[in-house]
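# just coords:
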């Protein structure tokens, strides 16, 4: 999974050469604009999506990379918001669902642009300079690091399943197996998180992420 999230972040396009602070500012400006744009202004939402796509194109992010992520994200958002039309009496519910899906998609495109023009470690440093809460930065840092660990764990589980079933099985068998795998992955993740937390406490973890430029006397 190496480079899975920010695999294109170390290129040399015009977007990559922008200052780090400006990248963060542009991203949050586009997300803020999408969040305040109603669905009635759909041409403006389309323009915001076009801006996000243009930025990703200038950064050299392949269309296949975006297609895979949108193919996962949009159906998930539709399923999460499918109950809104019924809850709103099938009048304003469809509009609310469309608004949430459109805004979420534009926000996702903006964040994909950011993580692919700014390496994740440098992004955390830039957010730190912008005085983001240390707890949020620590959470993002650990989440990013352990995504790779959990991804490797899932790949080992999938390899073990294929060895035991020889790659055979119908759709029902596949769904049942993957459901059990997700449950096992959750249990293994919680167990590993407890071990990691105990090891961090044994090494003097005080809840603060220390960077190389920090003064050790401030820890």
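Thanks, I have the structure now. As the structure is a computational prediction, the values presented were derived from the model and not from experiment. Residues are numbered from 1 along each chain as shown.
# residues in contact with the nearest residue to residue 111 once chain neighbours are set aside?
Counting by Cβ to Cβ, 6 or more residues apart in numbering, the nearest residue to residue 111 once its immediate chain neighbours are dropped is residue 27, at 6.7 Å. Quick note: C-beta positions are derived from backbone N, CA and C, even for glycine. Contact analysis of residue 27 by Cβ atoms under 8 Å, 6 or more residues apart in numbering lists 110-111, 113-114.
# nearest to residue 142, of those?
Nearest to residue 142 among the contacts of residue 27 is residue 111, at 18.4 Å by Cβ to Cβ.
# next, count neighbours for that closest one.
15 (other Cβ atoms under 10 Å).
# ok, residue 146 next?
Neighbours of residue 146 using other Cβ under 10 Å come to 15.
# helix or strand: which one has it?
For residue 146, the element it lies in under DSSP states H and E is helix 134-165.
# that helix: what's the following helix or strand?
Defined by DSSP H and E, the subsequent element after helix 134-165 is helix 171-202.
# quick one, that following helix and helix 134-165 angle?
Using axes from the mean of the first three to the mean of the last three Cα atoms, to 10 degrees, the inter-axis angle of helix 171-202 relative to helix 134-165 is 140 degrees.
# returning to what we had before: can you say which of the contacts of residue 27 are buried?
By neighbour count, with 16 or more other Cβ atoms under 10 Å, these hold 110, 113-114 as buried.
# just the closest of the residues you listed to residue 62, please.
Taking Cβ to Cβ as the measure, residue 62 sits nearest to residue 113 out of the buried ones among the contacts of residue 27, at 13.2 Å.
# residues touching that closest one, list them.
For residue 113, the contacting residues are 15, 27, 52, 55-56, 59, 61, by Cβ under 8 Å, 6+ apart.
# I'd guessed residue 177 sits against residue 161; true?
Yes: the criterion here is Cβ atoms under 8 Å, and residue 177 meets it with residue 161 at 5.9 Å.
# okay, residue 85: pLDDT?
At residue 85, the pLDDT value in this model is 69.
# what does residue 147 give?
Per-residue confidence (pLDDT) for residue 147: 77.
# quick one: neighbours of it, just the number.
By other Cβ under 10 Å, the residues close to residue 147 number 13.
# and if you look at residue 185?
Residue 185 has 16 neighbouring residues, counting by other Cβ under 10 Å.
# from what I see, it and residue 149 are in contact.
No: using Cβ under 8 Å, residue 185 is not in contact with residue 149; the gap is 11.1 Å.
# C-terminal to the helix or strand of the chain with the lowest mean pLDDT, what's the next element?
Ranked by mean pLDDT, DSSP states H and E, the helix or strand of the chain with the weakest confidence is helix 84-87, at a mean of 69. Using DSSP H and E, the next helix or strand after helix 84-87 towards the C-terminus is helix 92-117.
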